[in-house]
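Visitor: My questions concern the predicted model and sequence given below.
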Amino acid sequence: MIFRQLYEPLSSTYTYLLGDEVSGQAILIDPVISSTERDLAEVRRLGLKLAYTVDTHIHADHVTAALAMRRAVGSKIVAAACERLPCADIGVEEGRPFRVGGIALHPLHTPGHTDGHFAFRLDDRVLTGDALLIDGCGRTDFQNGDAAALYRSVHDKLFSLPDDTLVYPAHDYNGRFVSSIAQERKRNPRLGAGTTLDEFRVIMAELKLPYPKFIDYAVPGNRQCGVCPADLPAELANFCPQMEESRQG
Ligand SMILES: [Fe+2]
């Protein structure tokens, strides 16, 4: 399997490119609309054809490239079945592996950051989305977020994976790339190192994070699989490419 970790700097997002060398098909997980051309060029450079885009959840900090890529190359849009997105082509559920050639993605429903959030186990690694970040986790104060649900998701479904499972998060804001289940269980300051559920609730309640500057545009756009709003304020204009066809209306 071909595996590439691509970085989008505006939202510090990691997009993962998976390639099946036998069938020549590629999957992009959490592609960002402002990096559409770069990611498609990388797929082509590797001699692959983009077959699917997958989003781990409805993002609040960037617009997914799913729709732009479907328009550009005919890739199918994969999202959580429980989100019931009319624009999605395929819905994933826990317990039903998503297979592309020799690649098997095992969906793990991991609510807490958002209620429809999924992580994906893939051989010796797990793509954790925003449920588990390196030494951190996604916030739980929007999009039906729930600290207790996130604690259970991480402990029951991620920390139960083998110690040497590699952890590939959807973001890192400090230039880190990869961790492992053993490392996060041992030293994640929010969810690991013996932190109890009650302690985690307090940590999340006291984060006092600012209101997400892009959420009011990104969430409705992502519920349409990646539409850039027409009324984007000038200071957020670089979150969307300057392509008319990606805009609404
Ligand atoms: Fe997120």
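Guide: Yep, that arrived.
Visitor: ok, now which ones touch Thr140?
Guide: Gly112, His113, Asp146, Ala147, Ala149, Leu150, Met204 (C-beta atoms under 8 Å, 6 or more residues apart in numbering). Where you see a C-beta, it was placed from the backbone N, CA and C, and this is true even at glycine.
Visitor: Now the strand or helix carrying the fifth one: buried residues?
Guide: Read that as Ala149. Here Ala149 sits within helix 147-152, counting by DSSP states H and E. Neighbour counts over helix 147-152 (16 or more other C-beta atoms under 10 Å) mark Ala147, Ala149, Leu150, Tyr151 as buried.
Visitor: Just give me how far it sits from the chain centre.
Guide: Distance, stretch centre to chain centre, for helix 147-152: 18 Å (C-alpha atoms, centre = their mean, to the nearest Å).
Visitor: And the next helix or strand past it?
Guide: strand 166-169.
Visitor: name the helices or strands packed onto that following strand?
Guide: On a contact count with 3 or more C-beta pairs under 8 Å, 6 or more residues apart in numbering; DSSP states H and E, strand 166-169 meets strand 13-20, strand 125-129, strand 179-180, helix 181-187.
Visitor: Would you mind finding the most buried of those?
Guide: Mean neighbours per residue, mean count of other C-beta atoms under 10 Å, is largest over the helices and strands packed on strand 166-169 for strand 125-129, with a mean of 26.
Visitor: who's in contact with that one?
Guide: Outside of strand 125-129, the residues within contact range by C-beta under 8 Å, 6+ apart are 16, 29-30, 56-57, 108, 110, 113, 117-121, 138, 158, 161, 165-170, 181.
Visitor: partners of that strand, with directions?
Guide: strand 118-122 (antiparallel), strand 166-169 (parallel) (DSSP bridges).
Visitor: Could you dump the ones you listed into JSON lines and include distance to Lys213, mean neighbour count and mean pLDDT?
Guide: Listed next are the strands paired with strand 125-129 as JSON lines, based on distance: least, C-beta to C-beta, whole Å; neighbours: other C-beta atoms under 10 Å; pLDDT from 0 to 100:
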{"stretch": "strand 118-122", "distance to Lys213": "25", "mean neighbour count": "25", "mean pLDDT": "98"}
{"stretch": "strand 166-169", "distance to Lys213": "21", "mean neighbour count": "23", "mean pLDDT": "98"}
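Visitor: In CSV: the ones you listed, plus distance to Asn188.
Guide: Formatted as CSV, the strands paired with strand 125-129 follow (distance: least, C-beta to C-beta, whole Å):
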stretch, distance to Asn188
strand 118-122, 15
strand 166-169, 10
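Visitor: Tell me which of those strands sits nearest to Ile134.
Guide: The closest of the strands paired with strand 125-129 to Ile134 is strand 166-169. By C-beta to C-beta, the value is 5.8 Å.
Visitor: list the helices and strands the helix holding Ala149 packs on?
Guide: Taking 3+ C-beta pairs under 8 Å, 6+ apart as the contact cut, helix 147-152 packs with helix 197-205.
Visitor: For whatever helix or strand comes next after the helix it packs on, what is the distance to the chain centroid?
Guide: Where DSSP H and E defines the elements, the next helix or strand beyond helix 197-205 is helix 215-222. Relative to the chain's own centre, helix 215-222 is displaced by 15 Å; criterion: C-alpha atoms, centre = their mean.
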